[in-house]
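Please work out how this folds:
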Amino acid sequence: VYVLMTGVTTQKVVVTQKGTSIAQSGNIAKFSSSKDNTIIQSDAGTLGNSKGLIYVGSVDKTSNIIRRGLVKFDISGTLPQYAVIDSVKLDMSLQMASASTIKMYQVTSDWGEGTSYGSGGMGAVATTDDVTWLHSFYNTSNWTTAGGDFVSKATDSTTITATTKTISLTGVAIKTEVESWLSGTTSNYGWLLKTSDETSASRGVMTKIYSKETSTISSQEPTLNIYFSLPTLSVPSNAITLEATAESKSLDVTSNTAWTVSEDADWLSITPTSGTSKTEITFTAQVNESLTERSTVVNLEMTGAETISITVTQAGATPVLATSATEAIVTATDGSKTTITVTSNTSWTITATGDWYSISPTSGTGDGTITIQATGGNPATAQRTATFTVQAADCKTITVTVTQDASTGIEALTTDRITIYPIPAKGTVHIQSTGIIERVELYDMTGVLLKMGEIGTLDASGLSGGTYAVVVYTAGQANTVKYIIVSIK
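Numbering: from 1, shown residues only. Reported below is the predicted structural model:
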């Protein structure tokens, strides 16, 4: 590809797909130098060599021996938009080599190229816009520092011998500088080449590099190779499925540049939410207490690449149904009641058999308490039973047996403002009084104290059937009542 502009030197750019040099993959853009030059040491600053070879080293004379090379590549706007640079390599062909170490430095100010030509490294009279020891553009702009303006730290270096034919400079620093030129972070003024030893001890150590003007074939020109890839972003799956519990799952994001994650579900967290290369990201869901599954879309975004959408689905909770008991007992007395607790995360209903008790409520959602109440006293001397079921979708039906105690014909004994029930007793005897009950005692008919009860109750379990005396202390005064207790056997 030739880039043409009136009044500007033609720039040649070679773009090759699927380059394989120096084990690089992807695409390669090759650039010949847009300008190159030699800085010739001269106290007067009047010598140039814009059209000759690039000289790096020193000439064999007593003074003004230093020679430094300059090379620049116009790379602005030549790579595809959003291209990711993998590596950079600078290739230069040598007409002559001397054993030395050549270092490359980033130039910090612009420089020109005139028409002067000199052989043997001695240079020629500088022309307009030539580079000289003192001038970046002869005879209008000076270097800040004689010999060229460049950073103090070398970008790269290479050691050559007298038989070396080509120089290849590559490394992270070169890549970083090219990236900064392409992004506009720093200005592209090219590189300066010089030997590590520029003292008189190295006099006559000279390397000659083909310039764009002196190369006889295109492969001899100074060439900058930029290996690049287009933005890539991929994941092994576009769907993540999580259990209703607080579960986590991971997948690998593969990319060659920066990416970010965006999502707005308050029940899902993702770590990390950004990266620059292959990275494992983890999806963690909170417990889903609802029976309904839920889902959200997570977007992976990268400049220059198509957004990837990942659907994250969390299963609904498993329906739960349980009761605190599967048996309920009410006394023979009309209106006696008991409760059972329902534990659930779904809707449930109750279906009852029998007409001597009521249940409330008969349906609900989630946890609840159901009350079983006798709607009449048990007139029979035998217990009576019935059942009801608690049901919920996708849950095992629970059957609860309701038992009402048998009657002896006496439901309660009331005397002297004191009521004792049930009669006969079964397990616990309840005592009520119009006064304040302080203590309750139980005696056999010989006067032996058998039990002392909490306020208002006596534990009659374990006693045989018979007649007992209950002594109730109300407001400091004892009341004695005889009644029959039928113990539980």
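
Next, give phi and psi for Ser202.
Backbone torsions for Ser202, taken as degrees, to the nearest 10, come to phi -100, psi 10.

Look up how far Ser461 lies from the residue nearest to it when sequence neighbours are not counted.
Counting by CB to CB, 6 or more residues apart in numbering, Ser202 lies nearest to Ser58, which is 5.4 Å off, once chain neighbours are set aside. Just so you know, the C-beta spots here come from the backbone N, C-alpha and C atoms, and that holds for glycine as well. As judged by CB to CB, to the nearest Å, Ser58 and Ser461 stand 116 Å apart.

and the end-to-end length of stretch 443-463?
For stretch 443-463, the first-to-last residue distance is 11 Å (CA to CA, to the nearest Å).

rewinding a little: ok, the residue nearest to Ser202 touching Thr207?
No - Ser58 lies out of contact with Thr207 (CB atoms under 8 Å); the separation is 10.2 Å.

so how far is Ala469 from Ile350?
For Ile350, the distance to Ala469 (CB to CB) stands at 44 Å.

re earlier: Ser58 and Ser461: which is more packed in?
Neighbour count, other CB atoms under 10 Å: between Ser58 and Ser461, Ser58 has more, with 26 against 12.

Can you name the residues that contact that one?
Each residue near Ser58 by CB atoms under 8 Å, 6 or more residues apart in numbering is listed here: Ile65, Ile66, Arg67, Thr195, Glu198, Ser202, Arg203, Gly204, Val205, Met206.

Cross those against strands and list the overlap.
Ile66, Arg67, Thr195, Met206 (DSSP state E).

Pull out the buried residues from stretch 247-263.
For stretch 247-263, the neighbour count (16 or more other CB atoms under 10 Å) marks Glu247, Val253, Ser255, Asn256, Thr257, Trp259, Val261, Glu263 as buried.

hmm, back to that, who does the residue nearest to Ser202 bridge with?
Going by DSSP bridges, Ser58 is paired in beta bridges with Ile66.

Model confidence for it, exactly?
Per-residue pLDDT puts Ser58 at 94.

Next: Asn479.
Per-residue pLDDT puts Asn479 at 62.

Tell me how far Gln391 lies from Gly376.
Gln391 is 27 Å from Gly376, where distance means CB to CB.

which one of those two has more residues nearby?
Shown here are Gln391 and Gly376; by other CB under 10 Å, Gln391 has more neighbours (16 against 13).

re the thing from before, residues shared between the contacts of Ser58 and Thr207?
With contacts defined as CB under 8 Å, 6+ apart, the residues shared by Ser58 and Thr207 are Thr195.

where does this protein dip in pLDDT?
Along the chain, the model assigns pLDDT under 70 to residues 1-26, 408-417, 423-426, 454-455, 475-489.

how about the strand ranked longest in it as PDB, C-alpha atoms only?
The longest strand of the chain (DSSP E) is strand 84-96. Taking Å, rounded to 0.1, in the frame of the first residue of the first chain, the C-alpha atoms of strand 84-96 are listed here in PDB:
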ATOM      1  CA  VAL A  84      -4.300  -5.100  19.600                       C
ATOM      2  CA  ILE A  85      -0.500  -5.100  19.200                       C
ATOM      3  CA  ASP A  86       1.100  -8.400  20.100                       C
ATOM      4  CA  SER A  87       4.800  -7.400  19.400                       C
ATOM      5  CA  VAL A  88       7.000  -5.100  17.400                       C
ATOM      6  CA  LYS A  89      10.300  -5.900  15.600                       C
ATOM      7  CA  LEU A  90      12.700  -3.500  13.900                       C
ATOM      8  CA  ASP A  91      14.800  -5.000  11.100                       C
ATOM      9  CA  MET A  92      17.900  -3.300   9.600                       C
ATOM     10  CA  SER A  93      20.300  -4.600   7.000                       C
ATOM     11  CA  LEU A  94      24.100  -3.900   7.400                       C
ATOM     12  CA  GLN A  95      26.400  -3.000   4.500                       C
ATOM     13  CA  MET A  96      29.300  -3.300   6.900                       C
END
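
what pairs with it, and is each one parallel or antiparallel?
Each strand paired with strand 84-96, and its direction, by DSSP bridges: strand 166-170 (antiparallel), strand 206-209 (antiparallel), strand 223-229 (antiparallel).

mind listing the strands for the stretch 351-489 of the chain?
Using DSSP state E, counting those that start in this stretch, the strands of the stretch 351-489 of the chain run over 357-360, 363-365, 368-374, 384-391, 398-404, 413-415, 418-426, 428-433, 437-443, 449-453, 457-459, 466-474, 477-485.

Of all the ones you listed, which one is nearest Gly118?
Minimum separation from Gly118 across the strands of the stretch 351-489 of the chain (CB to CB) falls at strand 363-365, 97.2 Å.

on that earlier part again, can you identify the element that follows the longest strand of the chain toward the C-terminus?
The C-terminal neighbour of strand 84-96 among helices and strands, as given by DSSP states H and E, is strand 100-106.

Report all helices and strands that whichever helix or strand comes after that next one contacts.
Where DSSP H and E defines the elements, the next helix or strand beyond strand 100-106 is strand 124-125. Applying 3 or more CB pairs under 8 Å, 6 or more residues apart in numbering; DSSP states H and E, one finds that strand 124-125 contacts strand 47-48.

now what about the strand it packs on, what contacts it?
With contacts defined as CB under 8 Å, 6+ apart, strand 47-48 is touched by 37-38, 40, 114, 116, 118, 122-127, 130-133, 138.

if you set the cut-off to 7 Å instead, what comes out?
Applying CB atoms under 7 Å, 6 or more residues apart in numbering, the external contacts of strand 47-48 come out as Ile40, Gly114, Ser116, Gly123, Ala124, Ala126, Thr127, Asp130, Val131, Thr132, Tyr138.

Any idea which residue is closest to the centre of the chain?
Nearest to the mean C-alpha position of the chain, counting by CA atoms, centre = their mean, stands Thr271 at 1.5 Å.

Now do the SS call for the nearest residue to it once chain neighbours are set aside.
Sequence neighbours aside, Thr282 is the residue nearest to Thr271 in space, at 5.4 Å (criterion: CB to CB, 6+ apart). Following DSSP: H, G, I helix; E, B strand; the rest coil, the label given to Thr282 is strand.

Distance check, Thr282 against Lys153.
Noted for Thr282: a distance of 40 Å to Lys153, by CB to CB.

the more surrounded of the two?
Using other CB under 10 Å, the more surrounded residue of Thr282 and Lys153 is Thr282, with 12 against 9.

That one bridge partners, please.
For Thr282, the beta-bridge partners under DSSP bridges are Ser250, Thr271.

Quick check, it in contact with Ser250.
Yes - using CB atoms under 7 Å, Thr282 is in contact with Ser250, at 4.5 Å.

Could you confirm Thr176 falls within a helix?
Yes - the assignment for Thr176 by three-state DSSP puts it in a helix.

what residues are up against it?
Applying CB under 7 Å, 6+ apart to Thr176 gives no contacts.

try the one 4 residues further on
With CB under 7 Å, 6+ apart as the criterion, the residues that contact Ser180 are Thr186.

on that earlier part again, go ahead and build a ChimeraX selection from the buried members of the contacts of Ser58.
In ChimeraX, a selection of the buried entries from the contacts of Ser58 looks like this (16+ other CB under 10 Å):
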select :65,66,67,195,198,202,203,205,206
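
In terms of helices and strands, where is Glu179?
Assessed by DSSP H and E, Glu179 sits inside helix 172-183.
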